[in-house]
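Undergrad: fold the following.
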Amino acid sequence: MDFRSTRASENLNGESHCDSNIIGGLAHGSHYENRWRATLTGKALPIWFYVGNPFGLFNSWIRLIMGLLFGIAIIWLAFPYLDRSIGEAAMTLREKPARSV
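TA: From the prediction side, this is the model:
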């Protein structure tokens, strides 16, 4: 997984939410009502699960899961660079006193 693909999925998600909010408003867009999700699951879950944003509903769960996955991807990407950079800085600091003596 690279940074570009991670950002591309986040951008697509954000743009679809923006479009939904512009067209349907904050309380009536396709991401608020999730009719597509109810249709996809055959309305197997109660209707309150699909509509709205409070914690415990579909929107809150999917946002939590996607946020966690994005955070893990960023850490996975950044950690090797940070580890190498901090290691180089530590080595430089260890060598400095030896040179000054």
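
Undergrad: which helices and strands sit right next to the longest helix anywhere in the chain?
TA: Of all segments of type helix in the chain, defined using DSSP state H, the longest is helix 58-100. With contacts taken as 3 or more C-beta pairs under 8 Å, 6 or more residues apart in numbering; DSSP states H and E, helix 58-100 sits against helix 3-24. Yep, even glycine has a C-beta here, placed from its N, CA and C like the rest.

Undergrad: count the residues that sit near N59.
TA: Number of residues near N59 (other C-beta atoms under 10 Å) recorded here: 21.

Undergrad: does it touch I65 like I think?
TA: No - contact criterion C-beta atoms under 8 Å: N59 and I65 do not qualify, at 11.0 Å.

Undergrad: now this protein, which segments are flagged as low pLDDT?
TA: Scanning the chain for pLDDT under 70 picks out the ranges 1-34, 53, 98-101.

Undergrad: go with 80
TA: Low-confidence segments of the chain (pLDDT under 80): 1-38, 47-60, 96-101.

Undergrad: now L57: phi and psi?
TA: Note on L57: backbone dihedrals following degrees, to the nearest 10 are phi -90, psi 170.

Undergrad: what's the span of stretch 38-58 from first residue to last?
TA: Stretch 38-58 stretches 10 Å from its first residue to its last (C-alpha to C-alpha, to the nearest Å).

Undergrad: what's the answer for stretch 51-63, then?
TA: Its first and final residues considered, stretch 51-63 spans 14 Å by C-alpha to C-alpha.

Undergrad: now do the buried residues in that stretch.
TA: By 16 or more other C-beta atoms under 10 Å, the buried positions in stretch 51-63 come out as V51, L57, F58, N59.

Undergrad: wait, the third one sits on W48?
TA: Translated: F58. No - counting by C-beta under 8 Å, F58 does not reach W48; the two are 9.9 Å apart.

Undergrad: returning to what we had before: want to throw the buried residues of stretch 51-63 into JSON lines with distance to A38?
TA: Listed next are the buried residues of stretch 51-63 as JSON lines, based on distance: C-beta to C-beta, whole Å:
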{"residue": "V51", "distance to A38": "9"}
{"residue": "L57", "distance to A38": "12"}
{"residue": "F58", "distance to A38": "9"}
{"residue": "N59", "distance to A38": "13"}
